[in-house]
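A.B. asks: From the sequence below, what's the structure:
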Amino acid sequence: MKSGFVAIIGRPNVGKSTLLNALTGEKVSIVTAKPQTTRDRIVGVVEVPARKGRHPAAQIVFLDTPGVHKPGSQLDRRMLQEIHEALDSRDLVLVLVDATRKTGLNEDSSQILESSPSDKLSTTSGTSTDGDRSQVSKSRSFGNLRTGSGAPDRSSEDEFLFKLLEKLDCPVFLVLTKIDLVRKDLLLPMIESLTRRYRFAQVIPISALKRDGLDLLVEKIVEALPRGERYFPADQYTEQPIRFMVAELIRESVLIETGEEVPYASAVVIETFEEPEPSPRPGKRPLTRIGAVIYCERDGQKAILIGKGGAKLKSIGTGARRKIESLLGTAVYLELHVIVEPGWRDSHAFVESLDWRNQLQKLAAEQIDELPSGKSTEEA
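C.D. replies: Predicted coordinates for the structure are as follows:
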């Protein structure tokens, strides 16, 4: 069996989340037309059955990351950190490029970055990393490209993305997305331009919405992965806790229902999550009670989120509740509040508190504090 971690990186709005959802067959990551929808490192797990004469069974752990952009706030720096952490633990990297737009890369550059000394460019085949996991190099250096002074100030956002690839020691695939929106004869010039900038192990055009090219992509990923055991149970498709997924669905609704700067100044935190008890009435769905806070930075943003007579907040809640009910399989009572937290995007403490891992630690600590004095969690 093969297994490994595959980091998905790209500029905002290239379709990373759409691809992850298509590959897992589940709504693991929220999707909107707005840039920077993804703020966290989202894990999606795909079980690939063996195909006789083609490839063995595999478990692919995809790491969807925020869109790569130059950081301007503490939130941006936290998002860039999520990208670096994904690259820190990868066996393979997918670089997604939107086929419908031109890149800002310097095409006059004569330097070709290499995926590995033995990789060969091909749209269908290339040298892949195989064998025992212990033989795969685990050097994880990314030079000085960190937030702050290490960021290349004058380069384009696309150059900023490609700078992340310089010190990678694993196969890197170029994945052209949204090819259903582009004439086929326009793809080759784009591929030629991008491959002058980096020698990719594979170049695979896809349309996640139409599932065009996905089977080939999965097959080539399996070829490149090392042999190993499963990281997750075969029936698990993500590691995100339900509370985090619920918060993301609410934030997705905020992104859809509001415009201008409000979506980017908004954050969602689940305050209460009451598991449903079995319904005493046959045929009636159990009820999950959820209380959430939508944070924004200014009073004007709060007014927009609430709307005249609370109409906007009601629309946000209605849209989110339907998605949450689909996720949980229960009826949902959702209560939303809007709180102004001035400048939260530049607050290190607040941004760190939004990480679901930190939220879980806080919840665990609160549960321990609520135990009767002298009792451990096992005794309780």
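A.B. asks: Relative to residue 260, how far out is residue 218?
C.D. replies: Separation of residue 218 from residue 260 (C-beta to C-beta, to the nearest Å): 39 Å. Every residue, glycine included, has its C-beta placed from N, CA and C.
A.B. asks: Compare those two (neighbour count), which wins?
C.D. replies: Counted by other C-beta atoms under 10 Å, residue 218 and residue 260 do not tie: residue 218 has more neighbours, with 16 against 9.
A.B. asks: Now for the residue positioned nearest the centre of the chain: which residues touch it?
C.D. replies: By C-alpha atoms, centre = their mean, the chain has its centre lying nearest to residue 64, at 3.0 Å. Residue 64 sits next to 8, 16-17, 20, 28-29, 38, 41-44 when contact means C-beta atoms under 8 Å, 6 or more residues apart in numbering.
A.B. asks: give me that answer again for 7 Å
C.D. replies: 8, 16-17, 20, 29, 38, 42, 44 (C-beta atoms under 7 Å, 6 or more residues apart in numbering).
A.B. asks: and which of these is nearest residue 226?
C.D. replies: residue 8 (18.5 Å; C-beta to C-beta).
A.B. asks: helix, strand or coil for the closest one?
C.D. replies: Assigned by DSSP: H, G, I helix; E, B strand; the rest coil, the conformation of residue 8 is strand.
A.B. asks: Looks like it contacts residue 92 (just checking).
C.D. replies: No: Residue 8 is beyond contact range of residue 92, at 9.9 Å (criterion: C-beta atoms under 7 Å).
A.B. asks: Please say which of these two ends up with more neighbours.
C.D. replies: residue 8 (29 against 26).
A.B. asks: which parts of the host helix or strand of residue 293 are buried?
C.D. replies: Under the criterion of DSSP states H and E, residue 293 resides in strand 287-296. Buried residues in strand 287-296, counted by 16 or more other C-beta atoms under 10 Å: 288, 290, 292-296.
A.B. asks: And stretch 222-229, by the same measure?
C.D. replies: Neighbour-count burial for stretch 222-229 [16+ other C-beta under 10 Å]: 222-226, 228.
A.B. asks: any chance of the residues you listed in CSV, plus secondary structure and pLDDT?
C.D. replies: Shown next, in CSV, are these (DSSP: H, G, I helix; E, B strand; the rest coil; pLDDT from 0 to 100):
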residue, secondary structure, pLDDT
222, helix, 97
223, helix, 95
224, helix, 96
225, coil, 96
226, coil, 95
228, coil, 94
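A.B. asks: nearest to residue 157, of these?
C.D. replies: Distances from residue 157 to these, taken by C-beta to C-beta, are shortest for residue 224, at 27.2 Å.
A.B. asks: could you check the angle strand 287-296 makes with the helix or strand harbouring residue 313?
C.D. replies: Secondary structure from DSSP H and E places residue 313 in helix 311-328. If you take axes from the mean of the first three to the mean of the last three C-alpha atoms, to 10 degrees, helix 311-328 sits at 130 degrees to strand 287-296.
A.B. asks: for helix 311-328, packing partners?
C.D. replies: Using 3 or more C-beta pairs under 7 Å, 6 or more residues apart in numbering; DSSP states H and E as the contact test, the elements touching helix 311-328 are helix 242-257, helix 299-306, strand 331-340.
A.B. asks: Alpha carbons only: can I get the strand holding residue 293 in CSV?
C.D. replies: The C-alpha trace of strand 287-296 is given here as CSV (Å, rounded to 0.1, in the frame of the first residue of the first chain):
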residue,chain,number,x,y,z
LEU,A,287,-32.4,18.9,17.6
THR,A,288,-28.9,20.3,17.8
ARG,A,289,-28.6,23.7,19.5
ILE,A,290,-25.7,25.9,18.4
GLY,A,291,-24.7,29.4,19.5
ALA,A,292,-22.1,31.3,17.4
VAL,A,293,-20.5,34.7,17.4
ILE,A,294,-19.6,36.5,14.2
TYR,A,295,-16.8,38.9,14.9
CYS,A,296,-16.1,42.0,12.8
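A.B. asks: That one versus helix 242-257: what angle between them?
C.D. replies: Using the same axes, to 10 degrees: strand 287-296 against helix 242-257 is 60 degrees.
A.B. asks: now what about strand 287-296, what contacts it?
C.D. replies: Against strand 287-296 from outside (C-beta under 7 Å, 6+ apart): 246-247, 250, 254, 262, 265-276, 302, 305, 328, 330-341, 344.
A.B. asks: Show me the two of the contacts of residue 64 that sit farthest apart.
C.D. replies: 38 and 44 (11.8 Å).
A.B. asks: sorry, back to before: give me the distance from the helix holding residue 313 to the chain's centre.
C.D. replies: Chain-centre distance of helix 311-328: 22 Å, with C-alpha atoms, centre = their mean, to the nearest Å.
A.B. asks: what does stretch 328-336 give?
C.D. replies: Computed by C-alpha atoms, centre = their mean, the chain-centroid distance of stretch 328-336 equals 24 Å.
A.B. asks: Could I get the CA-only coordinates of that stretch as PDB?
C.D. replies: Extracted in PDB, the C-alpha atoms of stretch 328-336 (Å, rounded to 0.1, in the frame of the first residue of the first chain):
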ATOM      1  CA  LEU A 328     -25.200  16.800  11.000                       C
ATOM      2  CA  GLY A 329     -28.300  14.900   9.900                       C
ATOM      3  CA  THR A 330     -30.400  16.600  12.600                       C
ATOM      4  CA  ALA A 331     -32.600  19.600  13.000                       C
ATOM      5  CA  VAL A 332     -30.600  22.700  14.100                       C
ATOM      6  CA  TYR A 333     -31.500  25.600  16.200                       C
ATOM      7  CA  LEU A 334     -28.900  28.300  15.400                       C
ATOM      8  CA  GLU A 335     -28.400  31.500  17.300                       C
ATOM      9  CA  LEU A 336     -26.100  34.100  16.000                       C
END
